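Peer 1: Below: sequence and its predicted model.
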Amino acid sequence: MVKTLIMAGGIGERLWPVSSEKRPKQFHHFGSAKTMIEETIERMEKLTSEMLIITTREQFPLIQYYTPLFKGDNVIFEPAGRNTAPAIALGSTRFEDDDIMVIVPSDHIIRDEETFLRTIKTAIEYAGEHEALVTIGITPTSPNTGYGYIERGACLSEHEEVFAVRKFHEKPDYETAQQYFQSGKFYWNSGMFVWKKRVFDRELSKHLPELYEAMLELKNNPSRIEEIYEKVPRISIDYGLMEKTSNVATVPASFYWNDIGSWDAVYELLHKDGNGNAVIGKFSTHDVKNCLLVNYTQTRVGISSIEGYIVVMSGEGTLVCRRGESQTIKEIIKQQGG
């Protein structure tokens, strides 16, 4: 059986002051009438027979509010944030050995749904026929420094739909990103994965044995979940497993993808007016060009004579920075103690 695990426990702090613990980014909408988690569920309904959401208990009321038709029994609660490897491992305990797991984030924007569905189907077919961990690699449209990269190896399929993964690369500097982009052999790491449950278990036992043993213990003692989960390592699935195993394939994807990982990514997504401005909310402007202006308050804001800036206002606070520098927002949050 093919089943989906939707990752929905993050906060999306790089989108402060709009995304916060009270309402993380997957419960917002950008350029759409529906929230990102709603769109994720609707896409995956067309592919898999069952869906599970892994999130925190604090976010459950938001899931109930924004996705009222989603079955509560199919929501898994992570006792504490431990990064993506423990979250996926915990979610995997609800899958049978021969099930194919499709793991997708809840907070990405995807356009060209037909191509997306076709890409995931290719990954499902390959994972079903081979003992491999499969990741979706996004064909880059620019030398972006905000994403990790997947370097492809040999072709593994007849129609060049699947490639071996030669290496995973961390977020590069601009010069390196240009080299990746120009080579045609690198893809953005999307954080979407497909594999058989038993293949995942086998690789997890090799490369993250402490986490694997914790999941076995949890299966036998589900009432001790908080105690057991507290001891598992904080580690990402990329660093803990994907970069270590030699048994990885990638399916290149050409659909529009945006992880909304920064306000710069939001600017890229939204429609621009004649002055190159992307605007949400109430603003009065004069001589403002190539800016992202977001106002989630009821107060009209006046702005004059700026170019290439990001201005975001909400009930949580206000952010002002140059476009291209919004990734530094974590440093601002640290200073606030938030």
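Peer 2: All right, it came through fine. Residues are numbered from 1 along each chain as shown.

Peer 1: Now do the strand ranked longest in the chain: distance to the chain's middle.
Peer 2: When the chain is parsed with DSSP state E, its longest strand is strand 186-196. Distance, stretch centre to chain centre, for strand 186-196: 10 Å (C-alpha atoms, centre = their mean, to the nearest Å).

Peer 1: looking at it, residue 289 is touching residue 277, isn't it?
Peer 2: Yes - the pair residue 289 / residue 277 is scored as a contact, 6.9 Å apart, by C-beta atoms under 8 Å. To be clear about C-beta, it is placed using only N, CA and C from the backbone, and glycine gets the same treatment.

Peer 1: These two: who's more crowded?
Peer 2: Taking neighbours as other C-beta atoms under 10 Å, residue 289 and residue 277 compare with residue 277 leading, 21 against 15.

Peer 1: can you tell me which residues contact the more buried one?
Peer 2: Residue 277 is in contact with 285, 288-293, counting by C-beta atoms under 8 Å, 6 or more residues apart in numbering.

Peer 1: Next one: it, what pLDDT does it get?
Peer 2: The predicted local distance difference test score for residue 277 is 98.

Peer 1: Equivalent analysis for residue 330, please.
Peer 2: On pLDDT, residue 330 comes in at 76.

Peer 1: Let's verify it: helix, strand, or coil?
Peer 2: helix (DSSP: H, G, I helix; E, B strand; the rest coil).

Peer 1: again, but for residue 23
Peer 2: At residue 23 the chain is in coil, as set by three-state DSSP.

Peer 1: surely it meets residue 62?
Peer 2: Yes - between residue 23 and residue 62 there is a contact under C-beta under 8 Å: 6.6 Å.

Peer 1: domains for this protein, by residue range?
Peer 2: Listed by automatic domain parsing, the domain ranges of the chain are 2-258, 263-336.

Peer 1: Could you single out the most deeply buried of the ones you listed?
Peer 2: The highest mean neighbour count among the domains of the chain, using mean count of other C-beta atoms under 10 Å, belongs to domain 2-258: a mean of 18.

Peer 1: okay, how far is it across that one, tip to tip?
Peer 2: One end of domain 2-258 to the other measures 25 Å (C-alpha to C-alpha, to the nearest Å).
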